[in-house]
Each structure stands twice: as structure tokens, then as C-alpha cells.
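Asker: Quick one, what's the 3D model for this:
(chains A and B)
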There are 2 protein chains.
Amino acid sequence: MPISGVITVIFAIILARNVLKRPTGTPKMKEIGDIIFQGAWAFLKRQYSTIAMYSVGIAIVIGVLVGVLGHTGVESHGYNGFDVGWRTAIAFLVGAFCSGLAGFIGMYIAVKSNVRCAAAAQKNLTEAVNVALRGGAVSGFLITALSLIGVTVIFFAYGGNENPQIAPHLIVGFGFGASFVALFAQLGGGIYTKAADVGADLVGKIEAGIPEDDPRNPAVIADLVGDNVGDCAGRGADLFESTAAENIGAMILGIAVYLATENVAWVLFPLCVRGFGMIASMIGVMLVKAKENENAMNALNRGYFIAIALSVVGLAVTVYFMLDNWWLFCAGVVGIVASIVIVFVTQYYTESRYKPVRDIAEASKTGPATNIIMGLSVGYATTFATAIVIGVALLLAFWFGQQNDSLITALGLNLSPEAAKHAAGAFGTAVATMGMLMTCPYVLSMDTFGPITDNANGINEMAGAGPEIRRITDRLDAVGNTTKALTKGYAMVSAGLAAFLLFQAYLDRVSLIKFGTEGQYSVVNIAKIEVFVGALLAAMIVYLFSSWAIKAVGKTASKIIEEVRRQFRADPEILNPKDPEHPHQPDYGKAVDITTRAGLREMIAPGLLPVLGPIVIGVFFRFIPGYDAAMVVAAVLMVGTIAGIMLASFMNNAGGAWDNAKKMIEDDQLKDDKGVVLGKGTPTHAAAVVGDTVGDPLKDTAGPSLHVLVKLLATVTLVMCPLFIVT
Amino acid sequence: MPISGVITVIFAIILARNVLKRPTGTPKMKEIGDIIFQGAWAFLKRQYSTIAMYSVGIAIVIGVLVGVLGHTGVESHGYNGFDVGWRTAIAFLVGAFCSGLAGFIGMYIAVKSNVRCAAAAQKNLTEAVNVALRGGAVSGFLITALSLIGVTVIFFAYGGNENPQIAPHLIVGFGFGASFVALFAQLGGGIYTKAADVGADLVGKIEAGIPEDDPRNPAVIADLVGDNVGDCAGRGADLFESTAAENIGAMILGIAVYLATENVAWVLFPLCVRGFGMIASMIGVMLVKAKENENAMNALNRGYFIAIALSVVGLAVTVYFMLDNWWLFCAGVVGIVASIVIVFVTQYYTESRYKPVRDIAEASKTGPATNIIMGLSVGYATTFATAIVIGVALLLAFWFGQQNDSLITALGLNLSPEAAKHAAGAFGTAVATMGMLMTCPYVLSMDTFGPITDNANGINEMAGAGPEIRRITDRLDAVGNTTKALTKGYAMVSAGLAAFLLFQAYLDRVSLIKFGTEGQYSVVNIAKIEVFVGALLAAMIVYLFSSWAIKAVGKTASKIIEEVRRQFRADPEILNPKDPEHPHQPDYGKAVDITTRAGLREMIAPGLLPVLGPIVIGVFFRFIPGYDAAMVVAAVLMVGTIAGIMLASFMNNAGGAWDNAKKMIEDDQLKDDKGVVLGKGTPTHAAAVVGDTVGDPLKDTAGPSLHVLVKLLATVTLVMCPLFIVT
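Answerer: Presented below is the predicted three-dimensional model:
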């Protein structure tokens, strides 16, 4: 699988060269593209400086705590607490660094692709789709390759060759580092992008009465920068983290089988499946060819289905050569099917073709209040599909895992019969997660497609392109909204599916530390008072985090609004130039700078909450005699996961539905009783705009951050569990 | 304690006579009062006919299922499945009937008090407060007395005298019946009241431009009726259910101690504490005397503190005579303190004196979208206080329960040492719940104070009373908003506190059925795949229920809007009479009728969801070999409780905060940068109205229904648990 990693990197470089050598359009367009790039670069540089500072602090804390606590379950293999401590801290830093690198790459290529996509749209749709998808693919593939290479390298660096049963325990820090950075990247980017969006809209569209993306608006560049730092850098870090953490979790589960069978394939299986998935996704991307007159979504879907079909083949091959166990193949297929189902479910809830979005648009006729009420109702209802898809997939994958008599027999050599059966089932869910994540590079490419087309649209608007060209980028922008929503659904279900394997990894590690062997700690009894209270607090943390994240957007937006108003007051010629040929330019840089500073300040508190919350709860109960703190933390992890997935489902889907209800009205698709079109400029449209604005911080700040939060809960508890155990 | 029940009934009758003999004001006022009464009566009659139909159906199902399943854990005492089946079904019907009766009484007295309060306001504030509080007290006291008498009578009717260890198991149906009716009452009433409110506002205030409560609006009577059927009948049924279910749950926990000590005081303790609480509340109500110039809230608070002080004394007396155990007294005090804390926390989040409401008002300056975003943020943040209060109270009460060596020794006669220690702790949380619910009659009186003053205000407006009188009822109306919010906080925390004792009752019952003895079934292992999936589905049910409840309000409101528009079109003279002395009256009855029918139709689906959901999940897993269905249902109960409390906390508090942010702007308390007041008629006010409207279905329909849902989950699983167990 290092080979497939290398192939992927080469592929990404070829793609990148292909994209970068394309024309950048008129000088005006190039100039705008450069301004966006500088803004995004400045933000990321500052953001990652802040994150790096905190990362080093956390790494030291981890090293010292794990080192001092001393019992880590691997003493018998010659590692004392100190050995484990510094290795975990280094792994944390490497994970954090790789995640940051992934974010930078995602942003860099995406920004460079924006202006080229805008230029390509001046030729035709096919070219524009090509640029946007390939630009997205560069970051998608580099990010997944980086995750694969990172985990593989650190695995072997920590002695994975001689001691495959120890190394996964040493590299858990990598997952924690990745998710730590991902949370801040997603949160900081999300706050930035939505604050800029809300701020630009409120003061531009509503107060000054100028259209979206108008060059007279000082916040317009900040808005375009936001799309890149939020959707590209943030989502890139998110999925880097997912693939890394779930790989490591699956490898930890594989140890138990390895110990029984001495076949290292069980530990390496996740890495190989990932390799095949990358190749399948690669072919899928290359085969996308949009016809001039079709909906670009159809072209993307064709590529997606090719990637899925090839993934199934790749899964079969890996299972045949490594595990020779067809029940596990079925478990993997469960994951792949779940990823397809959630894509369709998300489309149902967020596309204007279907009832939910139409209901919201209808409700806008009676004003913003009914629009919001209907959106809340639709958003809450989406939890049904999310819970059913995750629940059914988990039950099926677990069942397939358990059908393996040979696997259970092997596990039974070291475990009790019941524990062996449970471990086999958990391994089934791990394989399902791996199956689902095979197409991750393709999905990530589609996701980045979104902000690239969004920016291309904005650049064309600012550069004053003709209506024909704008129509092309407008259409692509709508497709981009859908792909962004799909990715969120995908990330959410993968978080749910992965949850069980991460729980298992946590319990195994607690068992190892407490009893010196795995499979002895398997009960999380929520009927115990402290465990129930822990679960209650976990659900609360999810809500409190959302509250702070949403509030951060509001606070940052108010800073931008003040700045834009100040600029308009200071120089009235920005809005109404005396000489229209040479208008006074607003100070875009100042707006970008203010957003950056305010956004980063607001990122700290919500970012630290889910990191410190479980640790504080665990340490509190550890020092009260009679309580089982490790079990409390397990409940925090499990119920926090449930609460996070449900709330994220509401936020992502409600936000997407509100957005598209507004778009539907702007496309003149809504009529009143008498058949008169209710389009832009009507009170109905104004009501729909309110819904869209409310949905923004939900779907682009709090919601996507919740996916990361869920996985961060898993990695932080996994790394910190020695703190909660009294041996 | 039957004596205190009788005393309470006599007290309520005296109060009722006192209220009813007061003057009803001008003939115009009497006429309006009569119309409201007829509308409320018509709604309740239809609503309870529907509920009765479903109740009989469910009773038959319960009787047959429990009868046929045959193993109920009490066979050894000569009861076969059939004996238990019909007794449970009858208890269900009695509980359902009593709950319905409580709702009717609450509504009847409240409606009769409205007009008398309106008339009293023409004299002075003191009189108006007296009428409103005493009117509220009649229903508050009758409802709690009914609960006490109902549980006591059915306890002794089912042989509580000879077999105190059996009777609580036979009367669980009573709690289920009560919560079943309470859910429908709260939901149907909540849908009605908010649909009428939203509908009347949207078409009256916004489309036709007439003020609130204007007699020209055909929906105005439906709006006033709604306050009575939602807040009085609905909340009455809710708290009837709470007191009944928690009494029964506490009695079941007491059985274990009785079996060891043969002292029946442990089973009867909850009933006695309740009796003292009623007397304490009675004295509190009688001592309320509002001074003419003070904030009426202060007078109510004085009465509340008197009731609390007397409750502590009553608790001490009961503990001394019945249990002689001062650790349990401490546990009871924990419950009382929790009830005080939550009252202050609710005030912080929902009163315009404090930061959260001010933040929302500030955010309204930039429009409805920022108002909504800030409200969401505030609402999510309130889960922090809710979770901490419930979590700390549970841990402390459990700990106090465990400090009792004599109790643990006694329990240890029949239980393992660990089970004995756990049972003692759970009994501590039961005593805390009892302590908290002692002041329930007083809180309920304050709650009903709200809709009475709201209606009095409306009646005075419609009858064209002078500004001086309106100022009095307006002030009382604002106090009523606060008391309504407090009651919701109180109901929410009591649901959380009671949760643990209800879980324990469920587990004890499963143990009895499965193993023939209590305390053997104590592990709810959420790390098992099916238990985790059950927990996920439970959280989903809470969201889906909220979605449907909110949507029901929207659908019903749209029916009202259509009807009002139709009336305005059919007779333009309703709005603009040619002869102002004899205006054309709108058809209030038609609007009431349409709201009633639409509201009841929309009530069915969300109402059945939490009843059938746990049963379907439990039965599904029961028939798949290898799964522990009883444990899955336990997780549904526990995680459903957590999810429900968190979501209710958000909905109730966000709704209250939005409401008061609007009120704050209407009271001219918000200024812009230059010090200019932003009052009624400004865009800022319009934005705040949007927030208020969004909050309405959250705080008055979905939120309060969630409290009932949480307890319904407990009673339905308690009664139906034989279905989930394979013996």
C-alpha cells in the first residue's frame, strides 16, 4: 500500500500540473484570484500558527501525563511510561503537522483552480467541470495519500514490523493530533467563512442594496476567501482526520486477530483497502466527462458509480488475498451501500425537486417565521434517515463479522468465547467503515468542486463577465451546493459507522491497561449513576459547543459589519463613484484582516471544550472513590457520539434545505395561488433569505465541526485513558 | 395521607366558591368569557373523546398482551398473567380517566377565573392577583389531590394492605394511563394554542394591520381558548402524570426495603410526603398578598419561599416518624434545593434583566436572521445549567441514599451487597424527587396564574377597557410569562431527577420477571451493538417527535389563516364597518371549530410515536436471537430521557428568551447607538416578532410535550416490559 500511496501522489502531481498550466483569463480575473489567494494564505498562516502553539502545548502535556502515569498496558513489551509518553507526543505532533499540511494543500490548489475554472467557463461547460473536479481531486487525493502514508510510516517507524501488536497503541497520538487540528481548522474556517458571508450580505445586500459579490463591497474578498478556508482547508482536515483515526482504530481491532493467528494481514488490511479505494477513485475522476447540455451533477454521479463499482472489486481482491473471508466482504459492502444510500437521502432532503425543500419555500409565503419553523421541522425529521442508515449498517456489519466461525475460533484462543464473538462483530463494523471510506478521495474531490465553482462564479461576477458565462458558473455553483451537502452526509454517516470500532478500541485499551490483556473490559453500564450523569454531560457538551460555535459567527460577523460601514462612511465614493471608469476601491485587505483576527479569537473556547471536557469529567470521577471513571468516559464517548450525530444531521440538512429553498425561489420556481411567480425581490424571497442566513452557521460552522468533535472525543479518550484508570 | 387529600379537596372547593362568587364585570365581558368557555369546552370534549377512544384501544391491547404473555413476576403470589392483565388495563383506564378529569377541572376553573380576574383588575392589582392565583390554585390543588387519592385508592383496591409488595406492580398501568393522556392533552392543547396564536397574528397583525386581541379578528377567540386548553388543561395533565408516575416508581423502590424490614412505611412514604407538601403549598397560597405598587412576581416569590420552608419542615417530620433516617432527609433537601436553583436559572435565561435576552434584543437590530441565530445560541447554552443541576442533584441524592448503613444492611438481606448499595442510592434519588415535588401544587398554581392573566388581558382589550385597567392586566401578563417559564424548568428538572428512580423501577421489574427476584438485572451495557443502536434510535425518536409536533402547528395554523382570509373576503364590513356602532361580528365559532378539528387530526401521529416506538424496537429485538431486548429498551429509556431533557431545555428557554426580547423592545428598553429608542413599529421590533413566533411552537408545543414524552417512555416500558423478555 505504500506503492498505491506513491502512485496517488504522482497522479495528484500530474493533475495539479494539468490544472495549473491552464489559462487564468483576463488580467482583471488574475488580479482578483491573486487577492483571494493572499487573503486565504494570510488567514491560514495565522490560523495554523495559533493551532501550532496549542498543539505543542498539548503534546507536552500528553508526553508528561502519559509518561508520569506509567501504566500503559505495554510495559510487558519493554516500554515504560516514558517510552510511550514521548512516542505518543511525537505521533501527536506528526499527525497535527500532516493535518495542517493537508489543509494548506487543499486550500492552495483550490484557490489556484478558482480563477482557471472561471476562465474555462468562458470556453464551455465541459472544460469548466474538468478544471473544477480535477482541482478538487488534487487536494482530495493528496489528503488521503498523506493520511495513508503518514499512518504507514509512523506504524513502521514505531516498530510495526517486529511488534505489530504494540505499534497501533503507540500511534494513537497521530489520530489525536489529526483530529485536534481538524477541529480547529474546521471551526476557525467555518467561523471565518460564515461571518464573512453573513456580514457581507447583511451590510451589502440589505443595507447598501448592492448585489452579491459586487466589487464595491469591502467584505466581498473576505467572503470568497472564506469559501476556501472553510470548505477546502476545513473539510480537507476533517476527512484527513477521519481516514487516519479510523485506520488506526481498525488496526487496533486487528491486533487481537493477529495475536491469535500470527497473520499480520489483519493489522495491515485497513491500509491495503484504502490503497485500492484510491485507485478506484482515481479512475472514477478520470472518466468524468460532462456533456455540454446535461446537468453536471449527472456527470459527477457517473464517475461516483464507477468509483464505487471498482471499490467493490478492490474490496473483493483485498479480502481474497489477505483475509480469505467472504463474510467480511459482505460487511465491507454494507459500508459501501450505506454511503450510496446516504447520498440519495441527503439529495431528498436538500434538493428543490423534493417535498422538504418545497415545503420550506411554500412556508416562506407567510413570512420568515413560518420559513424558519418549517426548516426546523424538516431538519429534525432528517435524523430519522440518519439514525436508520447508521443503525441498520452497524447491526448488519456486526452480524456479518460474527458469522465467521474461523475468526471467532482464532480470537477465542486469547479471549473468552463471549469476548471473541464481540470482537469479531466489532471487526465487521471496522471493515464496513473501511469499505465506506474507500471512495473518500472521490467524495472529497466532489466536495472541493463546490467552493471552486462558487469562487469561479464570484470572480466572473467581479470581473464583469457576460451573462452567458455567468449562467455556466451559476449552474455549476448550484451543483456545488449539492456536492457540499452530500459530503457532509457522507462524513456524518462515516462518523457513525466508525463510532463502534473506535469505542471498541477504547475499551480494548482500557482492558489492556487495567488487566494486561484485551477483551476484559467490555461493559459500559449506563444504569450506574455516575455513568448516566457522564452521558448527560456528554450530550450537554455537544449542545454547548454548538452554542459557542454559532455565537462566534455572530460576534465575528458584527466586527465585519462595523468595518464595512466604516469604509462606506469614510469614502462615499466607494458606493457611488463620481467617475465610474475609475471607481474608488474599498480596502479589501482590512476587511480580510479583521475577519481573520476576530475569527481566530472566537475559535479558541469552542475548540478547547471537547478536548478538555472529557478529560475533566474523567479525572473528576477518577478521584472520587467508588466511581469507575473509565466507564464514565466511555459513556461520554458513546452518548456524545449519538448526540453529535443527531444534532449534526439536523444542522447540515436544515441548512442545505434552507439554502436551496431560497435558490428555488430565485430560479422563479415558486408561484402563488393565482400562478404569479414569486421571485427575487418579493417578501417571499426576503423570508427565504432569512432562512438561508440562519442556516449558514448551522450547516457550515457548527454542523461540520460536530463530525470532527465526535471523532475527537474518540481520539482524546483513546490517548488519555491512562488518566482515568486506577490500577 | 388520605386525610390530607380530603383536606386539600375541601380547601380547593372553598377557594373555588370564593373565586366563583366574585363579579364578572360588564355584560360585554361576561359575554366574551362565555364564548371562550364554550370554545374551550367544545375542544376538550372532542379532544378527550378522541383520547378516550385510543385509551380504550390501548387498554385492551395491554390487557390481552400482558394476559397472554403470562410471566409477570408475581405468579408466586397467586396472580397469573390474566389477573395481572386485567388489573393493569383497569388501572390504565382509571389513570387515563383521572388525568382527563384533571385537565377538565384545570380548564373549567381557569376559564371561569379569567373574566373575574379581568373584572377585579378594574378595582386594583391586589384583587386581580388574588383572583388569578386562587383560580390557579383551585386547579393546582385539585389535580395533585386527585393524583394522590387516585394512587392511594387503587393501591389499596389492589390489595396494598395485605400485599404491599405486589400492589405497586399492579398499579403501574395507572401511571401509563396518566402519561398517555397527558401526552395527548399537552400535544393537542399545544398545537391548538400555538396554531391559533400564530394564525391570528400572521393574518391579523401582519396582513390586516389590526392590533393583538382585536375583536374584528375571527381567530381571536380561538387564540384565547388556546391559552386555556394548552397551558391549563395540558400542563395540568402533565403534572398530574408526573406526580402519579413518580409516586408509583418510588413505591416500587420502597418494596425492596419493605421486604427486608416488613415496615410498610417505606412503601407509603411517598404518599405521606406528598400530603405534607400539599399543606405547605396551601399555606403558601393563602399568605400571598400583593402590595399595590410592587412587582407581583415578588409577592408570588414570597409565597413560594413560605411553601418551601414549610415543605422542609414537613419533610423532616415525615422522615422522623416514618423512616428515622437523616441521610434521606438530606436527599430530600437536595431535591428542594434543585427546584429553587432551576427557578433562578430559568429567570436568568428568560428575563430581560439579564444578558441572554439582552443579547437577543441587540441582535434584532441587524434583522430577523441574527435574532434567530442568537436565540439558537442562547437556547443551546441553557443545556449547560440544566445538565449540571440534574447531574449534581442525582449524584448527591444517590450518595446520601448510600450513606445509610442500616438501610443497606436491611436491603442486603435479600440482595447482593452491591445491589443493596445501588438500591439504597436509587432510593435516595426517589426521596429527592419527592422533596422536589412537594411544592408542586404551589408551582402549578403559579403556572395557571399565567393563562388566567393572559386571558384577562385579552378580555379587557376586547371589551374596550380603559388604559389604566389594561396597564394592570398587562403587568400581570408579563409576570404570567415568567411563571409559565418557571414551571417548564421545574417540570424539566423533575423529569430528570425522577428519571433515575423510574429506570430503577424498570430494571427491578425486568429482574422480577426474568429471575423471580429483584436486583438481579442491573446492567445496561451500551457497548453492546444492539443497545447502542437502541440508544441512537431513542435520540432520533425525540427529534422526530419534535419535528412532527412543530409541523403540526404549522399545518393547523395554515387552516386558520385560510379561514380568517375567507371571512374577511366574504364580509368586508368585519374589518371596516359602515356603522361603527353596530359592527359586523366575525364568526368566531367557525374559526374555533376549524382549529379544533385540524389540531386534533395533527395530534395523532406525534402522539403515537413515543408510545409505539419503544414497543416496536423492543419487540423487534426480542425476536432476533442473541439480542437482549429488555436491555435495548432500557437504553431507549435512558438515552431517550437524556435527549429529551436536552432538547426541551433548548426549546423552552430559547422560546421564553425570544418572547421576552420582543417584550423588552415593546417596553422601549432598547436603544440604538445614538440613544434613540427602538420600539414598536421599527424593523428591530419586526425582527424580534419573528423570533417570538419561531419560539412559540418550541416553547408551548414541542418543549412541554417532551417532558411528558420522557415520562411516557418510562411508564410505557414499565408496563410493557413482559413483552421484551424471553424467559
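
Asker: So which bits of the stretch 501-650 of chain A are right by chain B?
Answerer: A:503-504, A:507, A:522-530, A:532-533, A:535-537, A:539-540, A:543-544, A:546-548, A:550-551, A:553-554, A:557-558, A:561, A:634-635, A:638-639, A:642-643, A:645-646, A:650 (CB under 8 Å from any CB of the partner chain). In short, each C-beta sits where N, CA and C put it, glycine included.

Asker: contacting residues for residue A:400?
Answerer: Neighbouring residues of residue A:400 by CB atoms under 8 Å, 6 or more residues apart in numbering or on different chains: A:327-328, A:330-331, A:334, A:428.

Asker: ok, and what's touching stretch A:672-691?
Answerer: A:201, A:360-361, A:364-368, A:370-372, A:375, A:658, A:661-662, A:665-666, A:668, A:670-671, B:367-369, B:372, B:690.

Asker: follow-up on the earlier one: just the ones of the residues of the stretch 501-650 of chain A next to chain B in helices?
Answerer: A:503-504, A:507, A:529-530, A:532-533, A:535-537, A:539-540, A:543-544, A:546-548, A:550-551, A:553-554, A:557-558, A:561, A:634-635, A:638-639, A:642-643, A:645-646, A:650 (DSSP state H).

Asker: In contact with residue A:287, which residues?
Answerer: Shown in contact with residue A:287 (CB under 8 Å, 6+ apart): A:302-303, A:306.

Asker: try it again with 7 Å
Answerer: Neighbour list for residue A:287: A:303, A:306 [criterion: CB atoms under 7 Å, 6 or more residues apart in numbering or on different chains].

Asker: Provide the backbone phi and psi angles at it.
Answerer: Note on residue A:287: backbone dihedrals following degrees, to the nearest 10 are phi -90, psi 0.

Asker: any idea how far it lies from residue A:483?
Answerer: For residue A:287, the distance to residue A:483 equals 17 Å [CB to CB, to the nearest Å].

Asker: Next: residue A:415.
Answerer: 43 Å.

Asker: Would you list the phi and psi of the closest residue to residue A:9 other than its chain neighbours?
Answerer: Leaving aside its sequence neighbours, residue A:9 sits nearest to residue A:145 (CB to CB, 6 or more residues apart in numbering or on different chains; 5.2 Å). As for residue A:145, its main-chain torsions (degrees, to the nearest 10) stand at phi -60, psi -40.

Asker: Counting neighbours, what do you get for residue A:145?
Answerer: A count of nearby residues for residue A:145, using other CB atoms under 10 Å in any protein chain shown, gives 24.

Asker: Wait, it touches residue A:10, no?
Answerer: No. Contact criterion CB atoms under 7 Å: residue A:145 and residue A:10 do not qualify, at 9.6 Å.

Asker: Low-confidence stretches in chain A?
Answerer: Scanning chain A for pLDDT under 70 picks out A:1-2, A:70-79, A:206, A:727.

Asker: Quick one: distance of the host helix or strand of residue A:16 to the chain centre.
Answerer: According to DSSP states H and E, residue A:16 maps onto helix A:2-20. Taking CA atoms, centre = their mean, to the nearest Å, one finds the center of helix A:2-20 at 22 Å from the center of the full chain.

Asker: what's the answer for stretch A:547-558, then?
Answerer: Distance, centroid of stretch A:547-558 to centroid of chain: 20 Å (CA atoms, centre = their mean).

Asker: repeat for stretch A:28-36
Answerer: On CA atoms, centre = their mean, the centre of stretch A:28-36 falls 28 Å from that of its chain.

Asker: Secondary structure element holding the residue lying closest to residue A:356 once chain neighbours are set aside?
Answerer: Of all residues not flanking residue A:356 in the chain, residue A:378 sits nearest, at 4.5 Å (CB to CB, 6+ apart). Per DSSP H and E, residue A:378 falls inside helix A:368-402.

Asker: what's near enough to touch residue A:550?
Answerer: A:697, A:701-702, B:373, B:376-377.

Asker: before we move on, back to that, pull out the buried residues from the contacts of stretch A:672-691.
Answerer: A:201, A:360-361, A:364-368, A:370-372, A:375, A:658, A:661-662, A:665-666, A:670, B:367-369, B:372, B:690 (16 or more other CB atoms under 10 Å in any protein chain shown).
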